[in-house]
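Chemist: The sequence isn't on hand, but the structure is:
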């Protein structure tokens, strides 16, 4: 299947040959569905804070930062904005077929909404200036074409992070800038530094660096902060091999193997490179203007406070288990550690541990306590249930909290689908991570993934069909073996921009 030349190509990419052959095998066998046991709900896996508890955990986080806890923000920002403009591209196709403005707007709701709200967008003033300065009129076609193409704003080829989202009296802001502001408000250490790491595509890094250079000094002065901004790219070694429809390696026209980016699950490698006490993770497009930021700030601090409060007890048990042999630990201690693992860290054993041999229980606890910790925000589901917080069975027989995508649930199982419909919350990608043990040593995060999770999709290249493979999502399979808590956060903290017209929602208008 693989020639010496192929093996050299794999080696030069930094990939492991056994990993690539394993990917080929997964194309043949497929990925198993995750067995969900129950939907996580408030009181059954999801924590709900009252006002008093919220204030306490926010204060705890702020005090910990004052005394040296170092936060960092991690923002996946490589997503292309092109998907935001699907409806507008379809409108341009109609114009290309000689359709009139009236015909386009009557048949394309997205384009009509865009045109009706045109004056409200943060990018409108600049777009109008470009159109008029080029000697063109402000027609419907030009308002779309100049937005997307190189002759205008070129938004169809930019990442979301560089688009103008919000309009203020003093100017417009991109999501990149909104994340800088957020970082200053909840991820600043006791020396006034706010570290942020954006994962970006190689072709767009220069654009982010240019924008940072333009705005950094102004925001630092306004917010009394020192930004430490870094950029990283998804590592080529995490790309997965593509196959043809017969599960044979797909080959380029020159005979070389084709590798494709493996999805955001590959970002666990980038996360693994970071050194901080706690790491906030949030998607690039989930931002709001300043007038709505308070709730977001409060609950970001709350997530971190819950994590740090839990970590205090976790570290106590971790230290005792790691530094004392099971002979020196009495049954009462082991029972208390098992109870905390099950009832607070949400990992339930396959069978009752009441009669478990002391040494077996000790080794089980050692394994489960020596893991990274995360607290994930969950938003109440006010629409159709889908992927979100569930209790799920792991490969070792234990049951724990997992963030589960709908595609991971067996569509043919009536029982599993019925359980999925009972979900009360969904995953907004709003989490805080602790990646060190009680000694301050970093965990190797790649050792806590579930390689049995993933996705296979059909694509094409040069007119030929192929199958592609994605690694498990960053907050799904890539973190499946972490100790996990879920915390309910208000729906006001979730304001993603999936289409350009989402920017016309009240939450994004200043």
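Modeler: Looks like it came in fine. Just so it is clear, the model here is predicted, and its values are computed rather than measured.
Chemist: Report the spatially closest residue to residue 492, excluding sequence-adjacent ones.
Modeler: residue 295 (4.8 Å; Cβ to Cβ, 6 or more residues apart in numbering). No exception for glycine: its C-beta is placed from N, CA and C like everyone else's.
Chemist: Would you mind naming the helix or strand containing that neighbour?
Modeler: Using DSSP states H and E, residue 295 sits within helix 293-323.
Chemist: And the next helix or strand past that helix?
Modeler: Next along from helix 293-323, by DSSP H and E: helix 331-343.
Chemist: chain center to the next helix or strand after that next one, what's the gap?
Modeler: Counting by DSSP H and E, the next helix or strand C-terminal to helix 331-343 is strand 347-348. Distance of strand 347-348 from the chain centroid (Cα atoms, centre = their mean, to the nearest Å) equals 24 Å.
Chemist: same deal with stretch 490-501?
Modeler: The answer for stretch 490-501 is 14 Å, by Cα atoms, centre = their mean.
Chemist: I'd assumed residue 258 was in contact with residue 251.
Modeler: Yes - contact status for residue 251 versus residue 258: in contact at 6.8 Å, counting by Cβ atoms under 8 Å.
Chemist: Settle it for me: which of the two has more neighbours?
Modeler: Remark: of residue 251 and residue 258, residue 258 carries more neighbours, 19 against 15, as counted by other Cβ atoms under 10 Å.
Chemist: Break the protein into its domains for me.
Modeler: According to automatic domain parsing, the chain comprises the domains 33-81+163-244+257-508, 82-157.
Chemist: Show me what stretch 138-150 is in contact with.
Modeler: Stretch 138-150 is touched from outside by 85, 88-89, 91-92, 95, 101, 104-105, 111, 114-115, 118, 123, 127-128, 130-132, 134, 136, 151-157, with contacts defined as Cβ atoms under 8 Å, 6 or more residues apart in numbering.
Chemist: That stretch: which residues count as buried?
Modeler: Using 16 or more other Cβ atoms under 10 Å as the test for burial, stretch 138-150 gives 140-148.
Chemist: what do you get for stretch 83-92?
Modeler: Here stretch 83-92 shows 84-85, 87-88, 91-92 as buried, counting by 16+ other Cβ under 10 Å.
Chemist: again, but for stretch 12-26
Modeler: So, applying 16+ other Cβ under 10 Å, buried residues of stretch 12-26: 13, 15, 20, 23-24, 26.
Chemist: Secondary structure for these - can I get that in TSV?
Modeler: Listed next are these as TSV, based on DSSP: H, G, I helix; E, B strand; the rest coil:
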residue	secondary structure
13	coil
15	coil
20	helix
23	helix
24	helix
26	helix
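Chemist: possible to save those as JSON lines with pLDDT and distance to residue 193?
Modeler: Converted to JSON lines, the buried residues of stretch 12-26 look like this (pLDDT from 0 to 100; distance: Cβ to Cβ, whole Å):
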{"residue": "13", "pLDDT": "88", "distance to residue 193": "35"}
{"residue": "15", "pLDDT": "86", "distance to residue 193": "36"}
{"residue": "20", "pLDDT": "91", "distance to residue 193": "41"}
{"residue": "23", "pLDDT": "90", "distance to residue 193": "40"}
{"residue": "24", "pLDDT": "92", "distance to residue 193": "45"}
{"residue": "26", "pLDDT": "90", "distance to residue 193": "42"}
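Chemist: Between the domains of the chain, which one is closest to residue 2.
Modeler: domain 33-81+163-244+257-508 (8.2 Å; Cβ to Cβ).
Chemist: among the buried residues of stretch 138-150, which are in helices?
Modeler: Judged by DSSP state H, helices contain the following of the buried residues of stretch 138-150: 140-148.
Chemist: ok, back up a step: looking at the domains of the chain, which is buried most?
Modeler: Per residue and on average, the most neighbours among these fall to domain 33-81+163-244+257-508, with a mean of 18 (mean count of other Cβ atoms under 10 Å).
Chemist: Straight-line length of that one, end to end?
Modeler: Taking Cα to Cα, to the nearest Å, domain 33-81+163-244+257-508 runs 37 Å from one end to the other.
Chemist: What pairs with the helix or strand of the chain with the lowest mean pLDDT, parallel or antiparallel?
Modeler: Lowest mean confidence among the helices and strands of the chain (mean pLDDT, DSSP states H and E): strand 455-461, at a mean of 83. Strand 455-461 has the following strand partners under DSSP bridges: strand 464-470 (antiparallel).
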